[in-house]
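S.K.: have a look at this fold, sequence not included:
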């Protein structure tokens, strides 16, 4: 390992949240470079208003739990940080966010609003509502991000935190109840529906595990195979040994008043009474920014995710990722914790980059 990489690794591993042991030689301290992006760069759109701030230490794309948690860490270092948010978080369909310490039961929108207000109290904090459509790495410490509006902003680091998109089964009445009486995570939404008859819809191997998992919330669980022939005799026997009822007739629709669920209507027109349905979803990253920046993807449990190291840095130097787009398992607390890690390590990489021996 060369001296540059060794210096960086030593710094990042030894300087935790409470420690700040910067391993920069004396000579490096004497030759610190500003690395600010020049306003006359040829990549800058000349129509951008020059009266607004355009240059930041870190730009964060995504302003929900992961993005705001990262932003708060950076704002507290007194670095200039910009959050760009398109306003369509994955959790916008849920009435409440549960299991999130200090916020249990609050709506996701309310939690995000509180977080935004606290973040914007810092003088170096900036927030823009808009959709990022292009991101480029021009050189070391020089990224640009373009919005749909045509505005372009520049930074030394980027944190991707824009979340994922769920792909739901095409069953009549399911999408309208998503996040209310139809959910994916019993830890997030199970307690409020506990004690009722639940259903689990088969969508692959993970659904077999889910059907047994939800028994701590419901004593009456119906497993809807939806006509699949992919469930082995051993798996069927295993489910039945837990007292789970298996229904093999394909599902036609969900029934109930408004967002409430009273039953599952099958193709043979029978209605199986249930009050909640749990469904494993596949997810995807609905953004071109990842390929534009050149970040590698890897397979997760429920879809592709951005490949990161233990410091939440992607395969592209200077680009970090946090939240559902960069981890296999998802919930609000994990997203926020991921954001803290990404924010701290993105900041620490800025300090290390001052060292002329780093590169």
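M.R.: Yep, it's here. Remember, it's a predicted structure, so these values are computed and weren't measured experimentally. Residues are numbered from 1 along each chain as shown.

S.K.: how many residues are close by residue 260?
M.R.: Residues within reach of residue 260, counting by other C-beta atoms under 10 Å, total 12. For the C-beta atoms, the positions are set from N, CA and C on the backbone; glycine is no exception.

S.K.: so it: helix, strand or coil?
M.R.: Three-state call for residue 260 (DSSP: H, G, I helix; E, B strand; the rest coil): coil.

S.K.: again, but for residue 96
M.R.: Here residue 96 is coil, with the state taken from three-state DSSP.

S.K.: which residues does it contact?
M.R.: Residue 96 makes contact with 105, 106, 107, 108, 192 under the criterion C-beta atoms under 8 Å, 6 or more residues apart in numbering.

S.K.: likewise residue 249?
M.R.: Under the criterion of C-beta under 8 Å, 6+ apart, the contact list for residue 249 reads 227, 266, 267, 268, 270.

S.K.: how about residue 198?
M.R.: For residue 198, the contacting residues are 214, 217, 218, 220, 221, 222, 274, 275, 276, 277, 278, taking C-beta under 8 Å, 6+ apart as the criterion.

S.K.: I'd say the third one and residue 200 touch.
M.R.: This means residue 218. No - at 9.7 Å, residue 218 and residue 200 do not qualify as touching, with contact defined as C-beta atoms under 8 Å.

S.K.: which of the two has more neighbours?
M.R.: Using other C-beta under 10 Å as the criterion, residue 218 and residue 200 rank with residue 200 on top: 28 against 22.

S.K.: burial count for the closest residue to that one other than its chain neighbours?
M.R.: By the measure of C-beta to C-beta, 6 or more residues apart in numbering, the closest residue to residue 200 outside its immediate chain neighbours is residue 211, 4.3 Å from it. Counted with other C-beta under 10 Å, the neighbours of residue 211 add up to 25.

S.K.: please apply the same query to residue 187.
M.R.: Residue neighbour count, defined by other C-beta under 10 Å, stands at 12 for residue 187.

S.K.: and it, what does it touch?
M.R.: Residue 187 touches 98, 99, 331, counting by C-beta under 8 Å, 6+ apart.

S.K.: and these, which are buried?
M.R.: The neighbour-count criterion (16 or more other C-beta atoms under 10 Å) marks 98, 99, 331 among the contacts of residue 187 as buried.

S.K.: mind pulling up the pLDDT for the last one?
M.R.: In the predicted model, residue 331 carries a pLDDT score of 85.

S.K.: correct me, but it touches residue 188?
M.R.: Yes - counting by C-beta under 8 Å, residue 331 touches residue 188, with 5.9 Å between them.

S.K.: what residues are shared contacts of the two?
M.R.: Counting by C-beta under 8 Å, 6+ apart, the contacts common to residue 331 and residue 188 are residue 99.

S.K.: quick one: secondary structure of residue 58?
M.R.: Using three-state DSSP as the criterion, the local structure at residue 58 reads strand.

S.K.: pLDDT score for it?
M.R.: Model confidence at residue 58, expressed as pLDDT, equals 97.

S.K.: tell me how far it lies from residue 80.
M.R.: Between residue 58 and residue 80 the distance is 8 Å, computed by C-beta to C-beta, to the nearest Å.

S.K.: how about residue 294?
M.R.: Using C-beta to C-beta, we find residue 294 at a distance of 25 Å from residue 80.

S.K.: which of the two has more neighbours?
M.R.: Counted by other C-beta under 10 Å, residue 294 and residue 80 do not tie: residue 80 has more neighbours, with 18 against 12.

S.K.: I figured the more buried one hits residue 122, correct?
M.R.: No - judged on C-beta under 8 Å, residue 80 makes no contact with residue 122 at a distance of 10.3 Å.

S.K.: please name the nearest non-neighbouring residue to residue 133.
M.R.: Counting by C-beta to C-beta, 6+ apart, the nearest residue to residue 133 once its immediate chain neighbours are dropped is residue 148, at 5.4 Å.

S.K.: got the phi/psi numbers for that neighbour?
M.R.: As for residue 148, its main-chain torsions (degrees, to the nearest 10) stand at phi -60, psi -30.

S.K.: quick one, what contacts it?
M.R.: In this structure, residue 148 makes contact with 130, 131, 133, judged by C-beta under 8 Å, 6+ apart.

S.K.: any of those buried? List them.
M.R.: Burial by neighbour count, 16+ other C-beta under 10 Å: within those this picks out residue 133.
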